[in-house]
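Peer 1: 3D model of this:
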Amino acid sequence: MEQAQQPARRAYAFAWSEHRNPEREQATLRIWMGAAVLLAYGIYAWLRPSHDASMVTRIVALYVSYGAVTLLIVRRMRSPSVTRLTMTTIADQTLLGLALAAGGAIGLPLIWVMFWFLIGSGCRYGKRTLAVSCATALVIVVALGIWQPWWNANIPAAIGLGLSVLGASVYLSVLVDRLGSANRDLARQASTDPLTGLSNRYALEQIVDRAMSAPEADGDSATALLLIDLDGFKEVNDTYGHAVGDMLLQAFAQSLGKRMRKTDTIARLGGDEFVVLAHQVRDPAAVLAMADSIHSVLAAITSVQERPVSVSASIGACLLSSATAAHQSGMTAVLRAADRAMYRAKSLGEGKTVLAETRDFETN
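Peer 2: As a prediction, the model looks like this:
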């Protein structure tokens, strides 16, 4: 039989979720890392007071305050903003540039922060934000070389810093590409049934949740979930073995994929249970017509590896709008209703379809 699927984590180039908010992480780091630098420069300014040390300390204090403000803003926002992200990326490098300009030689220990910003931008948000951070840093380096006395007197150092920023950004861009490709592969594995190549339960849950929160869930063009249980599959397994049973599942999945619309989602829950999530269905009659197509797919499968098979399906169908009307949400409630309808279909004999009723959404 098929091997168990290995768990994998989804990764996002620009990810806001219930459990992870990159902008909040970055804003928190601004405060803690900025506070550490502020403490270091505060001690230095106290031990060796100078105008430059005092100016750098004030600018770092301004950066910590800026970090606190961004954290408050991000906590109040429930969605990402490309404009906000671009502005904060530019502000990070700009405030650092002000500290380097104000401190001259005293500000040199802060050069590492420029690369810290580059790494944070690339790893958290991807190549676009990395490019913004890199461009801002290069503008700052050029400005320092032209107008800041220490950097103007040490042009080779400014050129070296600029080339280092450019080289680090190019290398980070390559790494981000490779990481993005690896993450997409992991995400695909995490959302794909390994035997049939269809979506798995995890992926289906995400799609159902999005469909139920979409405006069409309450409209005339609704979404339906059809739960398919294969009748006769156990007999195929018992008679010919699991290898033939797996090939039967693969043949059904392939034929179903050809018959359904490209806008529909086909998933395997496990064993011989499949789901079709049909979007933009007009009414229950359209759902039943789609169920008839599924029955036709199975009727056409009469042999596997030259071994005769006879498999049909019991289908329980549920409109997502019915779940909303019953004040139920999420895939668990929809699957429960479809499952109850499917068992009623099974009791009627092979190859039957039953639509879920209001009572199917009751939890008891």
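
Peer 1: Show me the helices in the stretch 251-364 of the chain, by range?
Peer 2: 284-299, 320-325, 331-347 (DSSP state H, counting those that start in this stretch).

Peer 1: what residues does the last one touch?
Peer 2: Residues from elsewhere that reach helix 331-347 (C-beta atoms under 8 Å, 6 or more residues apart in numbering): 204-205, 208-209, 212, 225-229, 231, 275, 314-318, 320, 322-323, 326, 328, 352-357, 360-361, 363. Heads up, the C-betas are built off the backbone N, CA and C, glycines and all.

Peer 1: so that helix versus helix 284-299, what angle?
Peer 2: 60 degrees (axes from the mean of the first three to the mean of the last three C-alpha atoms, to 10 degrees).

Peer 1: Quick one: distance of helix 331-347 to the chain centre.
Peer 2: 29 Å (C-alpha atoms, centre = their mean, to the nearest Å).

Peer 1: same check, this time on the first one
Peer 2: A distance of 33 Å separates the centroid of the chain from that of helix 284-299, by C-alpha atoms, centre = their mean.

Peer 1: element containing residue 203, please.
Peer 2: Secondary structure assignment for residue 203, by DSSP states H and E: helix 201-213.

Peer 1: export stretch 64-83 as PDB, just CAs?
Peer 2: Output in PDB follows, covering the C-alpha atoms of stretch 64-83 (Å, rounded to 0.1, in the frame of the first residue of the first chain):
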ATOM      1  CA  VAL A  64      14.200  52.400  18.900                       C
ATOM      2  CA  SER A  65      11.200  54.800  19.100                       C
ATOM      3  CA  TYR A  66      10.600  54.200  15.500                       C
ATOM      4  CA  GLY A  67      10.600  50.500  16.100                       C
ATOM      5  CA  ALA A  68       8.000  50.800  18.900                       C
ATOM      6  CA  VAL A  69       5.800  52.900  16.600                       C
ATOM      7  CA  THR A  70       6.000  50.300  13.800                       C
ATOM      8  CA  LEU A  71       5.200  47.500  16.300                       C
ATOM      9  CA  LEU A  72       2.000  49.400  17.400                       C
ATOM     10  CA  ILE A  73       1.000  49.900  13.800                       C
ATOM     11  CA  VAL A  74       1.500  46.300  12.700                       C
ATOM     12  CA  ARG A  75      -0.400  45.000  15.700                       C
ATOM     13  CA  ARG A  76      -3.400  47.100  14.700                       C
ATOM     14  CA  MET A  77      -3.300  46.000  11.000                       C
ATOM     15  CA  ARG A  78      -4.800  42.600  10.100                       C
ATOM     16  CA  SER A  79      -3.400  42.400   6.600                       C
ATOM     17  CA  PRO A  80       0.000  43.100   4.900                       C
ATOM     18  CA  SER A  81       0.700  46.300   3.000                       C
ATOM     19  CA  VAL A  82       3.300  46.500   0.300                       C
ATOM     20  CA  THR A  83       3.500  50.300   0.700                       C
END
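
Peer 1: how about that stretch: buried residues?
Peer 2: Buried residues in stretch 64-83, counted by 16 or more other C-beta atoms under 10 Å: 64, 66, 67, 68, 70, 71, 74.

Peer 1: Summarise which helices and strands the top helix by length along the chain is packed against.
Peer 2: Counting by DSSP state H, the longest helix found in the chain is helix 155-190. Counting contacts by 3 or more C-beta pairs under 8 Å, 6 or more residues apart in numbering; DSSP states H and E, helix 155-190 is packed against helix 111-125, helix 127-147.

Peer 1: contact partners of whichever strand or helix holds residue 238?
Peer 2: Taking DSSP H and E as the definition, residue 238 sits inside helix 233-240. Residues from elsewhere that reach helix 233-240 (C-beta under 8 Å, 6+ apart): 244, 245, 248, 249, 272, 304, 305, 307, 309, 311.

Peer 1: What residues does the last one make contact with?
Peer 2: Contact criterion C-beta under 8 Å, 6+ apart gives 230, 231, 232, 233, 236, 248, 252, 298, 301 as the residues in contact with residue 311.

Peer 1: Spatially nearest residue to it (excluding sequence neighbours)?
Peer 2: residue 232 (4.3 Å; C-beta to C-beta, 6 or more residues apart in numbering).

Peer 1: which residues touch the residue lying closest to residue 38 once chain neighbours are set aside?
Peer 2: Leaving aside its chain neighbours, residue 38 sits nearest to residue 60 (4.6 Å; criterion: C-beta to C-beta, 6+ apart). Counting by C-beta under 8 Å, 6+ apart, residue 60 touches 34, 37, 38, 41, 99.

Peer 1: can you check residue 226 too?
Peer 2: 275-278, 287, 290-291, 294, 315-317, 338, 353.
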